[in-house]
Each structure stands twice: as structure tokens, then as C-alpha cells.
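A.B. asks: Provided below are the primary sequence and the corresponding predicted coordinates.
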Amino acid sequence: GAVVSQHPSWVICKSGTSVKIECRSLDFQATTMFWYRQFPKQSLMLMATSNEGSKATYEQGVEKDKFLINHASLTLSTLTVTSAHPEDSSFYICSAGRTGMNTEAFFGQGTRLTVV
Amino acid sequence: KQEVTQIPAALSVPEGENLVLNCSFTDSAIYNLQWFRQDPGKGLTSLLLIQSSQREQTSGRLNASLDKSSGRSTLYIAASQPGDSATYLCAVRTGGYNKLIFGAGTRLAVHP
């Protein structure tokens, strides 16, 4: 299967600071990547769809000014949590898939964010 | 609005048992359905992908079926092992491009 790499795997930051998470597709090009958020013992909730070369599409209830997404190339998308607060502490996972509607989705390893 | 439900929420079984995990979805207009495994604190590992035109997929001890018209899928795990302990997530691809809607998962514990 395809490889999606996410970095860092965990990060601790102070309230008010910003944190950037990277998502890379290592062996294929992804025009679209997806960012999910997962709270403990809950399922994944889609936050936004990252489109290469254009603005991200955010799901209802997700603050676009707080969760900045940049998809500058066909292999890299970044999620920046701005002015982080303790309630932003969560597990963030990205996914990507090859071109086509019926393709398999592959996920990164996830990033555990803790805001203190 | 598509909703995905997984039953049971948790399952604890002795090693060697054959298991059935259930997934249901409310809107049958899906492109495909994918089963994942997630270990604690880790990302997702894709197990099986079933296209909307398919009825089942098999990989080793895993078999997944899809009944699109009734909005159901089952994941069958044969001869369970302690290493199978994890959370199993079902997700359907629907609506927009590659958009996945996830169920809450089934937490499986297989004890020796």
C-alpha cells in the first residue's frame, strides 16, 4: 500500500503558541489530503479537505482561522494549530489517496498534541 | 446525512474464536467501504477495501462483506489471536471526493 508519513508523532506546547503538523505522501502524488481529529475513545471526525494549489474546504464547526491548512505541493500538506488552547489537545491524523473516486485511503501515523 | 454505526462497541473473547464485527450506514449511495485497524495511540492501518459493486473481500483470516442495498457490512475474523486486539473502524466513502465517514469503532480484546 501507499505510504503517508506524518510528523511529528507527538508534541507538547504552551497555551497561546502555534504548532505545525506535516503530512507527506512518500510514494505517490496526492492532489487531495484530509485532516481528521480524534478525541479519546471516539472515532475520527473530518476537519477539512486540503486541495493542492487552492484553499482548503472546512467541515461545519471547524474554525478555518484556527486550523490553517496549506497544501503547497502534491506530496505535502500542513496543518497549523494557531494560538493553541488545552481544548485543542487531541490526536490529529491525515490521510491521502491516489487519484480516483474509488481508491483506497491511507493514513499517517497521527500526531498527539498536548497543550499545557 | 450519512451516519455509520458499529456494533458491538467492545468485544472480549478468548483466543481461537471466530468473530463478526458489524457496520451499518444510513445512505446506500456509497462509492466504497473500508475497514481499518487502529492500535492505541497509533494511526490507521487499512485492512480491506470493498467497492460498491463488490460483495466481499478477503485477506488472510479477514473477510469483509458488503450489502449496499441494506446498508450493512460485516468483518469476519477467523481464529482470533491476541495480536488481533485493537480497535476496528469501518468507513464509507460518500459525497465529495474521497470523503470518508467513520463509525465509532469496535474495541476488540483477544485474551490467551
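C.D. replies: Yep, that arrived.

A.B. asks: The lowest-mean-pLDDT helix or strand in chain A and chain B, any residue contact?
C.D. replies: Comparing helices and strands within chain A by mean pLDDT, DSSP states H and E singles out strand A:105-107 as the least confident, with a mean of 85. Yes: in this structure, strand A:105-107 sits against chain B according to CB under 8 Å from any CB of the partner chain; the contacting residues are A:105-107. All C-beta atoms are positioned from the backbone trio N, CA, C, and that covers glycine.

A.B. asks: what about the residue lying closest to A:S54 once chain neighbours are set aside, distance to A:A30?
C.D. replies: What sits nearest to A:S54 in space, not counting adjacent residues and going by CB to CB, 6 or more residues apart in numbering or on different chains, is A:H71, at 7.8 Å. For A:H71, the distance to A:A30 under the criterion CB to CB, to the nearest Å works out to 9 Å.

A.B. asks: So for these two, which residues contact both of them?
C.D. replies: Counting by CB atoms under 8 Å, 6 or more residues apart in numbering or on different chains, the common neighbours of A:H71 and A:A30 are A:52, A:77.

A.B. asks: Between those two, which is the more surrounded one?
C.D. replies: Each of A:H71 and A:A30 has its neighbours counted (other CB atoms under 10 Å in any protein chain shown); A:A30 has more, 27 against 22.

A.B. asks: residue contacts, the more buried one?
C.D. replies: A:52, A:74-75, A:77, A:96-98.

A.B. asks: same check, this time on A:S73
C.D. replies: Listed by CB under 8 Å, 6+ apart, the contact set of A:S73 reads A:E52.

A.B. asks: now chain B, which segments are flagged as low pLDDT?
C.D. replies: Where chain B drops to pLDDT under 70, the residues are B:95-98.

A.B. asks: What average pLDDT does stretch A:59-76 get?
C.D. replies: Regarding stretch A:59-76, the rounded mean pLDDT is 92.

A.B. asks: Please disregard the earlier target; I meant stretch A:83-99.
C.D. replies: For stretch A:83-99, the per-residue pLDDT values average out at 90.

A.B. asks: just the CA coordinates of that stretch, formatted as CSV?
C.D. replies: Provided in CSV are the C-alpha atoms of stretch A:83-99 (Å, rounded to 0.1, in the frame of the first residue of the first chain):
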residue,chain,number,x,y,z
SER,A,83,-3.0,30.1,19.4
ALA,A,84,-3.4,26.6,20.8
HIS,A,85,-5.5,26.0,24.0
PRO,A,86,-5.9,23.0,26.2
GLU,A,87,-9.1,22.1,24.5
ASP,A,88,-7.2,21.7,21.2
SER,A,89,-5.4,18.7,22.8
SER,A,90,-6.2,15.8,20.6
PHE,A,91,-5.0,13.2,18.1
TYR,A,92,-4.7,14.6,14.6
ILE,A,93,-4.4,12.3,11.6
CYS,A,94,-4.0,13.0,7.9
SER,A,95,-4.9,10.8,5.0
ALA,A,96,-4.3,10.7,1.3
GLY,A,97,-5.2,8.6,-1.6
ARG,A,98,-4.2,8.1,-5.2
THR,A,99,-6.3,9.9,-7.8
